[in-house]
Structures are given as structure tokens and as C-alpha cells.
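**Q** I'd like to go over a predicted model; first the sequence, then the structure.
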2 protein chains.
Amino acid sequence: MNEKFMVEAIKEAKKAELIDEVPIGCVIVKDDKIIARGHNLRESKQRSTAHAEIIAIEKACRKLKSWRLEGCSLYVTLEPCPMCSGAILQSRIEHVVYGAKDPKGGCMESCMNMYEVKGFNHYPDVIGGVLEDECGALLKTFFKRKREEKSK
Amino acid sequence: MNEKFMVEAIKEAKKAELIDEVPIGCVIVKDDKIIARGHNLRESKQRSTAHAEIIAIEKACRKLKSWRLEGCSLYVTLEPCPMCSGAILQSRIEHVVYGAKDPKGGCMESCMNMYEVKGFNHYPDVIGGVLEDECGALLKTFFKRKREEKSK
């Protein structure tokens, strides 16, 4: 089940890649159905908050007409950054599943584990490493191409 | 100077209070001018991301036509939560000034200090406790009134 929805998050990441955005994608699932999708749009929108997870979370809130995304699972191709880890917490999302690790900002294992910090009012379950190689390869290919373009 | 802009953030918090939102307000300043304002709209919008800081950051990005808010200072009446602390980091905001501490979610001193975590690609300067009593009183009065309404 986790892989099935991660494949959908990867499809979103590929949409980002097509428009020259860092390929990161996300879907939010409730009762085994995808209720929201998002992909990274930071450069296109020139908006620092336009990460895949934030876009999907905002769509899910609109869909459910509630800021409380209780009973929802979030699938994302890259380990969430501090902002997105925090947004997951603020939305009361229950389960988080991610693909590749992010040594430069990941807040679920790489730079820190935000959900080990005491004092917050919600803590989701987290599973990392689902389709990790495929999620990571998307990013590696993207950045390799970018470096080649720069050196031309 | 810090107090002058915090007074403006407090004005934003009062706008939130008027519409029965938790009174938290924020302004973003560049070259000594306010370029964006925001107040908490979580309940009105039913959107988990509609915190004062996120609203102000998104407005500032639109104003500067850039996701990079370099040279900007953010003033907020309450110590930022994980999501907003992360959004500040993602926006490359240089200075953060906040009023009251938030023992239930603050990520600049209370629950953790996000900017002591190693591995991120940006770290703002932070000053806390500016007009702390006034910022805190707004929240205390709001929650007291809420409790009284409930017990009626």
C-alpha cells in the first residue's frame, strides 16, 4: 500500500521536473483514496512556501473544509524539511511516508527528528525509505543535468 | 526600532482577535519599511498553514517577486512554531524578532531551538522578548474569554 501511493507521489515529482523544478512530489490519502496532490513549485511561483507538501496540505484542507487533516496519510518523495514537518504537525496528519533521505534539511532523521521534540500537541507516525532509490534517482538525475547545463 | 515594528505586529494580532482568531500578528520589514503584514486566519480559512508568519511571508514573496527574502526582518507577537520557524529558514529571512514565548510549540527557545540544528543552509538572527508582556497579555485575555464563554 505504501509503495502504491509513493508511485503516485513520484508521478507528481515528475510533473515538477517537467517544468524545471526540483523533482519532489506528494499525495495525501484518506480512507485509501488520494484527496490531494502537490509538486514543488518554488521557482515557478517564486514563493518560499510552495513545497510539494504545503501545496498538497492546503488542497486537502480545502477538500475536507477543515484545517484538521485527522485520519490522513502524507506520502512524499523526499524527507520533509523543517517547514513541511511542522505543517504536517500543525495539520494533525497521522501518518507520514517518505522516500529518499535529505541530508541537507530532512527533519525526520537526517538533520534532526522533529517528532522526538517534547512539548508539541501532535505526533505523526513516520516511515522512511519507501521506494528510496527511485525517489533519490529522480533528484540525482535532475541535479546532474543542472550541473552539466551550468558547465556548458 | 524593534519595539516600533512589534507595535505594528500587535496591531495585526488585534485584527485576528476581532474575528475570533487566536491573536497573533506579524510584519515583515525591508530597508526600514513594512513590506508585508499578516495575522492568524487558521479558523476563518480552515487552513492549517494560515499562521500570521506564513501569510506575511507569502505576501512578501509576491511583493519582492522572489522566494528569497534576503535582507528582510520578521516581527511576530508569538515565538514561531516549527512550521513558521522552517518557513523563515526557507525564505532566507535574516532577522527574527518575537514577543511572547510559546511553551506549547515555540521553536526558538521553548520546545527547541531550530537554529541550533546543524545541516540547514540558512540561519537567521533571533531576538525574543520584545514587548513580551503586551504580546502575552493579548493571548491570555483571549483564552480567558474563550474559557468563560465555554463555561456559560
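**A** That came through fine. Numbers count the residues shown, from 1 in each chain, chains lettered A, B, ... in the order given.

**Q** Now residue A:128: closest residue in space, sequence neighbours ignored.
**A** Computed as Cβ to Cβ, 6 or more residues apart in numbering or on different chains, the closest residue to residue A:128 that is not its neighbour in sequence is residue A:98, at 5.2 Å. Any C-beta I mention is one placed from the backbone N, CA and C, and that applies to glycine too.

**Q** give me the number of residues near the one you found?
**A** Residue A:98: 29 surrounding residues under other Cβ atoms under 10 Å in any protein chain shown.

**Q** Can you read off the backbone torsions of it?
**A** phi -130, psi 160 (degrees, to the nearest 10).

**Q** Which pLDDT value belongs to it?
**A** Looking at residue A:98, its pLDDT stands at 98.

**Q** Kindly report the same for residue A:150.
**A** At residue A:150, the model reports a pLDDT of 88.

**Q** residue boundaries of the strands in chain A?
**A** Under the criterion DSSP state E, chain A carries strands at the ranges A:25-30, A:33-39, A:72-78, A:95-100, A:125-127.

**Q** most packed of the ones you listed?
**A** Highest mean neighbour count among those (mean count of other Cβ atoms under 10 Å in any protein chain shown): strand A:72-78, with a mean of 28.

**Q** which non-adjacent residue is nearest the residue at minimal distance from the centre of chain A?
**A** Closest residue to the average C-alpha location of chain A: residue A:76 at 3.4 Å, with Cα atoms, centre = their mean. Closest residue to residue A:76 in three dimensions, ignoring its sequence neighbours and counting by Cβ to Cβ, 6+ apart: residue A:26, at 4.3 Å.

**Q** ok, the one you found touching residue A:56?
**A** Yes. Proximity of residue A:26 to residue A:56 meets the contact threshold set by Cβ atoms under 8 Å, at 4.4 Å.

**Q** Now the common contact residues for these two.
**A** Common contacts of residue A:26 and residue A:56 (Cβ atoms under 8 Å, 6 or more residues apart in numbering or on different chains): A:37, A:38, A:74.

**Q** Was I right to think the first one contacts residue A:14?
**A** No. Taking Cβ under 8 Å as the contact criterion, residue A:37 and residue A:14 are not neighbours in contact, 11.9 Å apart.

**Q** Please enumerate the shared neighbours of the two.
**A** residue A:25.

**Q** Number of residues surrounding the nearest residue to residue A:61 once chain neighbours are set aside?
**A** Nearest non-adjacent residue to residue A:61, counting by Cβ to Cβ, 6+ apart: residue B:47, 4.6 Å away. Neighbour count for residue B:47, taken as other Cβ under 10 Å: 21.

**Q** mind listing what residue B:47 touches?
**A** Applying Cβ under 8 Å, 6+ apart, the residues contacting residue B:47 are A:58, A:61, A:62, A:67, B:41.

**Q** how far away is the second one from residue B:131?
**A** When you say that, I think you mean residue A:61. Going from residue A:61 to residue B:131 by Cβ to Cβ, to the nearest Å gives 32 Å.

**Q** buried stuff in the longest helix along chain A?
**A** Longest helix in chain A, counting residues (DSSP state H): helix A:132-151. Residues of helix A:132-151 classed as buried: A:132, A:134, A:135, A:136, A:138, A:139, A:142 (neighbour count, 16 or more other Cβ atoms under 10 Å in any protein chain shown).

**Q** This completes my enquiry, with thanks.
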